[in-house]
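Next comes the sequence, and after it the predicted model I'd like to discuss.
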Amino acid sequence: MPEIIAEIRLPTRELRDDIPFFTKVLGMRMDSIYPADDPSVAVFSGHGLRLRIEKDAPEPPGTLRILTDDPDGFADGKRNLTAPNGTQVEIAPLNAPLVMPETVHSFVVRRLADQAPWIIGRAGMQYRDLIPDRLGGSIIASHIRIPDGGPVPDMVHYHTVGFQLIFCYRGWVDLVYEDQGEPFRLHAGNCVIQPPQIRHRVLYASDNIEVVEIGVPAEHVTTIDHDMVLPNGPARPERDFSGQRFVHHQAQEATWAPFRIPGFESRDTTIAEHTRNVAGVHVVRPGQGNPATTRHDSDILFTFVMEGTMTLEGEGRAPFDLTAGDAFVIPPGMAVRYAAPSDNLELLEVSLPGVFETVTQPQD
C-alpha cells in the first residue's frame, strides 16, 4: 500500500506571525517550511491534525476544535482563541459531561393513525417520533422499524446516555454486547437496556422488525468504536457501566404481580434494580378489579400501547380512544384513568425514576 498523508489547508497573509501561535500556543510541531528566503508555506502537525498554512490560499480561515482532558492546562486555560491568520480555535473537554435537561412536563398523546412521518435514520432504519416535544430535551422515544430483514449495516458503537431501552415490539433482532458473551436473539416482548457507553452492534433482523427505543436525554452522542471486535470474550453480567448493569429481560422467565394501578397487573423487567432506580420498565395488562383514577409523582411517565384498546381519561381533557401503536405521556400530578381496557390490552410503561408514588383517587 502506498503511503498517504492528508492535510487541511488554511490561508494566511503573513506566515511569520502564525508560526509561534501554532507551535507555542497550540503545541503543534512544524514539519516543513519553504521557501527558505521568504517562507509562504508551513506544515504543522499535532493533536491528530496536519495543517498546511499557505500565504494567500483561497479558503476561509475556518475553525479548529481541540479536545483535551485538561482544558484548563491548555493554552493558558483559554477556551476561544484567534490565530494571526484568522482561524478560530475552540478548546473543549475531551469527554464533555452528560447534561440532563430539566423535564418540561406536558400531556402528550401520539396516535399511529395520525400518520406521523417515518424518517430514515442510522443504518437505514425508519424512525417515528413518539414524543414530538421531547419534554424539553429530557427524553426521546422512537418507534423503529426495518421493513426488509437480513444483515444490518451496523458498526460497533456506543452511546453517551443516562438511560437507554430497546424493547422488541414485533419480529426479532440479533444483537451482541460488550462483556455479555455471544450474540443473542431479542424476541418480541423482550427488551434490553444499553448502559452508558456499552459497546454493541445490531447484526441481523427479521422482516418487519419493530422496536421501541427510549433515550435519556433526547440528544446524545453515538460514537463508533473502530477497534473493538464483538463478541469480546466470556460474559461478565456483573460488570458495572456508570452505575448500571446490562439487562436482557425475557418474557417467558418473568412473573406477573399486581400493578401500581388497581385493575391491572404487570411483569417487572428488573431494570429499576439494575440501574439503581434511574428508570423502571413494566409490561402491563388488565387484572382483577376495575380501573381506578390515579395520580403519580414520577418525573417522566411514558406508555406505549402494544396490543388491544383502551380509553385514556385525563382531567381537563377529552377522552382519547387508543389502540396498538399509540403512545402517551402523563405529567406528574395529573389525574388519569385507563378506562375500557380490552381483554388483550398490553402496555409498555417506562418511568424515570424507576420507583415512584402512585395515589389512587377515591371512587365516587
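Alright, I've got the coordinates.

Hmm, Lys78 and Pro71 touching each other?
No: counting by CB atoms under 8 Å, Lys78 is not a contact partner of Pro71; they are 9.1 Å apart. Every C-beta, even on glycine, is put in place using the N, C-alpha and C of the backbone.

Which one's more surrounded, the two?
A direct count of neighbours by other CB atoms under 10 Å for Pro71 and Lys78 places Pro71 higher, at 16 against 12.

Check that one and give its pLDDT.
Among the per-residue scores, Pro71 shows a pLDDT of 94.

backbone phi and psi for it, please?
phi -60, psi -30 (degrees, to the nearest 10).

Quick one: residues contacting it.
Gly77, Arg79, Ile91, Ala92, Pro93 (CB atoms under 8 Å, 6 or more residues apart in numbering).

By neighbour count, which of those wins?
Ile91 (19 neighbours).

quick one: it is in a helix?
No: counting by DSSP: H, G, I helix; E, B strand; the rest coil, Ile91 falls outside a helix, being strand.

That one contacts Arg79, doesn't it?
Yes: between Ile91 and Arg79 there is a contact under CB under 8 Å: 5.0 Å.

tell me the domain boundaries of this protein?
8-92, 113-238, 253-360 (automatic domain parsing).

got CSV for those, with distance to Ser106 too?
Output for those, formatted as CSV (distance: least, CB to CB, whole Å):
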stretch, distance to Ser106
domain 8-92, 32
domain 113-238, 6
domain 253-360, 6
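
if I look at Asp31, how far off is Asp70?
Taking CB to CB, to the nearest Å as the measure, Asp31 falls 25 Å from Asp70.

What about Pro217, how many residues nearby?
21.

Would you check that it makes contact with Gly137?
Yes: if you go by CB under 8 Å, Pro217 and Gly137 touch, sitting 5.8 Å apart.

Overlap in contacts, these two.
Pro101.

Provide a list of residues in contact with Val275.
Careful, residue 275 is Thr; it's not Val. Phe163, Ile193, Pro195, Gly243, Gln244, Arg245, Gly354.

Apologies, that question was intended for Asn190.
Phe167, Cys168, His248, His249, Gln250, Ala251.

residues touching the third one, list them.
I take that to be His248. Taking CB under 8 Å, 6+ apart as the test, what His248 contacts is Gln180, Phe184, Leu186, Asn190, Cys191, Val192.

ditto for the fourth one
Residues near His249 by CB under 8 Å, 6+ apart: Asn190, Cys191, Val192, Thr269, Thr270, Ile271, Val281.

Please flag which of the residues you listed sit within helices.
Ile271 (DSSP state H).

and of the contacts of His249, the nearest to Ile8?
Of all those, Val192 has the smallest distance to Ile8: 40.5 Å, by CB to CB.

isn't that closest one right next to Gln180, touching?
No: counting by CB under 8 Å, Gln180 is not a contact partner of Val192; they are 9.1 Å apart.

Report the set of residues contacting both of those two.
Residues touching both Val192 and Gln180 comprise Phe246, His248, with contact defined as CB under 8 Å, 6+ apart.

any idea where the strands of the stretch 101-250 of the chain begin and end?
For the stretch 101-250 of the chain, the strands defined by DSSP state E, counting those that start in this stretch occupy 108-110, 119-120, 126-129, 140-146, 150-151, 157-160, 163-170, 172-177, 184-187, 191-193, 200-205, 209-216, 221-224, 247-249.
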